[in-house]
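Enquirer: model this:
(one chain, ligands or ions: 1)
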Amino acid sequence: MTEAETLNIFKKSGALLTGHFLLTSGRHSDRYFQCAKVLQYPQYTEALCKMIADNFRKTEIDTVIAPAMGGLVVGQEVARQLNKRFIFAEREDKKLSLRRGFTLDENEKVLVCEDVVTTGGSVFEVIDIVKSNNARVVGVGFIVDRSNGKVDFNYPQFSTLRMGVVSYLRDECPLCREDIELVKPGSRKVK
Ligand SMILES: [Zn+2]
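Expert: Coordinates of the predicted model:
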């Protein structure tokens, strides 16, 4: 898929909105992104995860791992396409860990998957889990890089879309100055 086609999938599914948005931080932005909106359509999930799977097709992989919740759909689909085992880490007492009897063997080759990377916190935690089991991270694949390439995991990494998040303080917002209606995503319009 070309970048334009990828972007079109996000727009068509309503995952990527353009306008004038009030973010949870209180700042204003001209873009809003909700990855779950695109992943609700299996055909889009399949197409986006194929980009990740294709990128790592020549990499030796035993297992795909993802952090819950966001990474589950992506990790499962990438693993399905590569025909590999899929496991996930989940939060217990605020810390990600392997539960449900999931284990990693020594030197097992592991691909880490995630939906959205902003600061990369969950992915870094999963990388630590892999390392602490003496297994090996061979790559990191995710759907959207909201850091616009700033987050570096120190392993081969791939995202289907890079985007920078530009946000403004209310008093400095150019969209407010243009009198464009302010919208709080996921709720009714606010004035
Ligand atoms: Zn504004």
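Enquirer: CA atoms for contacts and neighbours, from now on please.
Expert: Noted.
Enquirer: Helix, strand, or coil at the residue of the chain found nearest the ion?
Expert: Among the residues of the chain, Cys176 lies closest to the ion, at 3.9 Å counting by CA to the ion. Under DSSP: H, G, I helix; E, B strand; the rest coil, Cys176 falls in the helix class.
Enquirer: same question, Arg91
Expert: Arg91 is classified as strand under three-state DSSP.
Enquirer: doesn't Ile143 make contact with Thr118?
Expert: No. Counting by CA atoms under 8 Å, Thr118 stays clear of Ile143, with 11.3 Å between them.
Enquirer: More neighbours: which of the two?
Expert: When Thr118 and Ile143 are compared for neighbours, Ile143 comes out ahead with 24 against 17, by other CA atoms under 10 Å.
Enquirer: And the lengthiest helix in the chain, what's buried?
Expert: Counting by DSSP state H, the longest helix found in the chain is helix 42-55. By 16 or more other CA atoms under 10 Å, the buried positions in helix 42-55 come out as 44-46, 48-53, 55.
Enquirer: Give me the distance from it to the chain's centre.
Expert: 13 Å (CA atoms, centre = their mean, to the nearest Å).
Enquirer: Show me what that helix is packed against.
Expert: helix 35-39, helix 71-82, strand 136-145, strand 157-162 (3 or more CA pairs under 8 Å, 6 or more residues apart in numbering; DSSP states H and E).
Enquirer: And the ones you listed: which comes nearest Leu7?
Expert: Closest of the helices and strands packed on helix 42-55 to Leu7 is strand 157-162, at 7.5 Å (criterion: CA to CA).
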